[in-house]
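In: Just to be clear, the model below is a prediction. Sequence and coordinates:
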Amino acid sequence: MNIYLPIAEMSVNIFAILALGGMTGVLSGLFGVGGGFLMSPLLMFIGVPPSVAVSTVANQIIASSVSGFLAHWRRENVDFKMGFYLLVGGMVGSTLGVGVFRWLKQVGHIDLIISVSYVLFLGIIGAMMAAESIRTAMNIPKKHTTNTRPPLAERLPFKVDFPRSKLHISQIMPVAIGFFVGIMVSLMGIGGGFFLIPAMIYLLGMPTNVVIGTSLFQIIFITANVTLLQAMTTKTVDIMLALLLISGSVFGAQFGTRLGTKLPAEHLRALLAALVLGVAVKLAFGLFTAPDNIYSVSAIDD
Amino acid sequence: MIRKWIINGDWWIVCLCLAWITAFAGMTITSPALASPIVADLSNYNIAMDAGFNGTRIFVFGTRNEAGDVVVVVRGENKNYIVRKKEQIAGMWVNRDYMKFWNVPNFYATASSQKLSQIEQTVLFSRLGIGQNFLIRPPSDLNKLARFNEFEDALLDYQHEKKLYAASPEKISFMEETLFKTNIEFSDNIPAGKYTAEIYLISDGEVVGMQSTPITVVKSGIDAFIYNFAHNSPALYGICAILLALAAGWFASRLFEIRS
């Protein structure tokens, strides 16, 4: 059964889109990542224009994040104070990012920058997580280098208490991380969870149980900001497509959250690492292999 | 036999036949000098694209009252395009060279009574923009021609791939040498806008008859509403998109909370 998407200006199979949404939802609930890093490329693959895919996925991530966030909130796994600091940086970063996105689109390098960013960040984070998983699996104890020298977040000034995370760290650190993630959200059409979660664990030293809830909390606001800005500037948010993706993803998210409580944390991390590395390798291949068509065409607006 | 038809309730067929006969009689009786060389009409002047839109076709039919070739051209609105070419830099494929094209139709389809190449009226076709090779004016500087052709081909390939330009012209079929009909295909991804259908009668390198009919392609139903909403009040549309997503997420969460 086909349905016409008014902003993407194309017909798509309704069940394919629902399945895509469901898959992303499972990832979202399981890992706390938005799943956008899989969703955006897959939508482009079925022919949705990249700009529409990126903006609409931002809209969809709001819904899956809200439903995931509420599930974590009920278990009190959210550090709101930390979330607020991340948000301050995130709002500034995402607003700046939408501007950069427009500029890159005009000069024709947006696809390249998206791919390179994906390969770099997914590659680094995936490798870090994989190394951690292998270390845990093989029972190699962590080197205690951190004991001799406190992490950056503790050495910087303007320290505050984060009671929920049991931390006393600098305000600069979460704001800076939020800013960086904000830029990536708007540039890559993702929730940013796949970067935010490792950053919260390794750079801020937050306990693993509050990381997912807190990350979902701030993703809601960042993706809402990106949705609004894209709707106003590039007019590429497709509500029809978003609703279909949402229908699939909200159910998937609940399923994923439940699955997440049953699976041991080490297994979760290993799974996510494999997924992240897989996408990075796939995209890296795309950068270096000759494209089917070396010419690309786009309409000039205005 | 006619009586039998009438009794069977097929009287309208008789009426239709009578109307046809009258029309034809009228056409032949009136002075041929006054009749247009070509008279054509479309089965449809409006295409409404709703959520279930899966492409459509429009029949073009009419009569030619003089000898000559019939050529039908349907074009969409003129748009500007940029074509970019990737080159390998440090192993990576990066967009480098580009060319911009102005006023190129975003939809193009033709039908002709014989192959356009066989009609062989290149100057005329170039002037009227008949045939895909004549849609974009080549540069006057011949040194730039090779590069122009390369990028022009890329643009045409792109339009073909998206099925916005028909791969080959449709055939026009004739009945009794004067009545003709053909159909123009519209794929599911055609852009909304004002299209024109031009029907030419060409004889000895001259246009002896021409008729132009507009076709309106609109988005209809909920789609049109969403499209217009997104373009006319973008801020409100963005807020609605956010609220809808928030509500959907909250609703799903409540649904599962009750169940568990």
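Out: Perfect, thanks for sending it. Numbering: from 1, shown residues only, chains lettered A, B, ... in the order given.

In: you'd agree residue A:297 is in a strand?
Out: Yes. Applying DSSP: H, G, I helix; E, B strand; the rest coil, one finds residue A:297 inside a strand.

In: Count the residues that sit near it.
Out: Neighbour count for residue A:297, taken as other CB atoms under 10 Å in any protein chain shown: 19. Using the backbone N, CA and C atoms, a C-beta is placed for each residue, glycine as well.

In: Pairing partners for it in the sheet, please.
Out: Using DSSP bridges, the bridge partners assigned to residue A:297 are residue B:83.

In: Strands of the stretch 1-150 of chain A, start to end?
Out: Listed in chain order, the strands of the stretch 1-150 of chain A (DSSP state E, counting those that start in this stretch) span A:2-5, A:10-13.

In: what's the most buried one of those strands?
Out: Comparing the strands of the stretch 1-150 of chain A by mean neighbour count (mean count of other CB atoms under 10 Å in any protein chain shown), strand A:2-5 comes out on top with a mean of 20.

In: Centre of the chain to that strand, how far?
Out: Computed by CA atoms, centre = their mean, to the nearest Å, the chain-centroid distance of strand A:2-5 equals 27 Å.

In: how about it as CSV, C-alpha atoms only?
Out: The C-alpha coordinates for strand A:2-5 follow below in CSV (Å, rounded to 0.1, in the frame of the first residue of the first chain):
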residue,chain,number,x,y,z
ASN,A,2,1.5,3.4,-1.0
ILE,A,3,1.0,6.8,0.5
TYR,A,4,2.0,10.1,-0.9
LEU,A,5,4.4,12.3,1.2
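
In: close to chain B, is it?
Out: Yes. Strand A:2-5 lies within reach of chain B by CB under 8 Å from any CB of the partner chain, at A:2, A:3, A:4.

In: Relative to residue B:227, how far out is the second one?
Out: Using CB to CB, to the nearest Å, one gets 14 Å for the distance from residue A:3 to residue B:227.

In: circling back to that earlier point, can you list the strands of the stretch 1-150 of chain A in CSV and add mean pLDDT?
Out: What follows is the strands of the stretch 1-150 of chain A, written out as CSV (pLDDT from 0 to 100):
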stretch, mean pLDDT
strand A:2-5, 84
strand A:10-13, 85
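
In: Distance to residue A:201 added to the ones you listed, as CSV?
Out: Formatted as CSV, these follow (distance: least, CB to CB, whole Å):
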stretch, distance to residue A:201
strand A:2-5, 38
strand A:10-13, 37
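
In: nearest to residue B:241, of these?
Out: Residue B:241 lies closest, by CB to CB, to one member of those: strand A:2-5, at 13.7 Å.

In: which residues are contacting the closest one?
Out: By CB atoms under 8 Å, 6 or more residues apart in numbering or on different chains, the surrounding residues in contact with strand A:2-5 are A:10-14, A:17, A:48, A:238, A:240-241, A:244, B:49-54, B:188, B:223.

In: can you list the residues of the stretch 1-150 of chain A near chain B?
Out: A:2-4, A:6-7, A:9-11, A:59-60, A:62-67, A:69-71, A:74, A:108-109, A:112, A:116.

In: Send me stretch A:195-213 as CSV with only the CA atoms.
Out: C-alpha atoms of stretch A:195-213 as CSV (Å, rounded to 0.1, in the frame of the first residue of the first chain):
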residue,chain,number,x,y,z
PHE,A,195,27.8,10.6,21.0
LEU,A,196,26.2,12.0,24.1
ILE,A,197,26.0,8.7,26.1
PRO,A,198,29.7,7.8,25.8
ALA,A,199,30.6,11.5,26.5
MET,A,200,28.5,11.4,29.7
ILE,A,201,30.0,8.1,30.8
TYR,A,202,33.7,8.8,29.9
LEU,A,203,34.0,12.6,30.1
LEU,A,204,31.6,13.5,32.9
GLY,A,205,31.8,10.2,34.8
MET,A,206,28.0,9.9,35.2
PRO,A,207,26.6,6.6,36.5
THR,A,208,25.4,4.4,33.7
ASN,A,209,21.8,4.1,35.0
VAL,A,210,21.0,7.8,34.7
VAL,A,211,22.8,8.4,31.4
ILE,A,212,20.1,7.2,29.0
GLY,A,213,17.2,9.0,30.7
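
In: Now do that stretch, average pLDDT.
Out: Averaged across stretch A:195-213, pLDDT comes to 84.

In: which of the residues in that stretch are buried?
Out: Neighbour-count burial for stretch A:195-213 flags A:195-201, A:203-206, A:210-213 (criterion: 16 or more other CB atoms under 10 Å in any protein chain shown).

In: among those residues, which are in helices?
Out: Residues of the buried residues of stretch A:195-213 located in helices (DSSP state H): A:195, A:196, A:197, A:198, A:210, A:211, A:212, A:213.

In: which among these gets closest to chain B?
Out: Nearest to chain B among those: residue A:213, at 12.9 Å, using CB to the nearest CB.

In: and the closest one, what is it in contact with?
Out: Counted by CB under 8 Å, 6+ apart, residue A:213 has contacts A:32, A:69, A:72, A:73, A:75, A:77, A:78, A:79.

In: Quick check: which element contains residue 240?
Out: If you meant another chain, say so; for now it's chain A. Applying DSSP states H and E as the criterion places residue A:240 in helix A:239-262.

In: um, chain B though
Out: Residue B:240 belongs to helix B:234-259 when elements are defined using DSSP H and E.

In: Next: residue B:61.
Out: strand B:56-64.

In: counting contacts, what elements does that strand pack onto?
Out: When contacts are defined as 3 or more CB pairs under 8 Å, 6 or more residues apart in numbering or on different chains; DSSP states H and E, strand B:56-64 sits against strand B:38-42, strand B:69-75, strand B:179-186, strand B:193-203, strand B:206-219.

In: mean confidence for it?
Out: For strand B:56-64, mean pLDDT rounds to 93.

In: Report the buried residues of that strand.
Out: Buried residues in strand B:56-64 (16+ other CB under 10 Å): B:56, B:58, B:60, B:61, B:62, B:63, B:64.

In: Next, count neighbours for residue A:159.
Out: By other CB under 10 Å, the residues close to residue A:159 number 16.

In: From residue A:172, how far out is it?
Out: 9 Å.

In: what is in contact with the two at once?
Out: With CB under 8 Å, 6+ apart, residue A:159 and residue A:172 have no common neighbours.

In: residues contacting residue A:218?
Out: Applying CB under 8 Å, 6+ apart, we find residue A:218 in contact with A:83, A:86, A:87, A:90, A:178, A:196.

In: element containing it, please.
Out: Short version, using DSSP H and E: residue A:218 is in helix A:208-233.

In: ok, back up a step: work out the sheet partners of the strand holding residue B:61 and label each with its direction, please.
Out: Sheet pairing for strand B:56-64, assigned by DSSP bridges, gives strand B:38-42 (antiparallel), strand B:179-186 (antiparallel).
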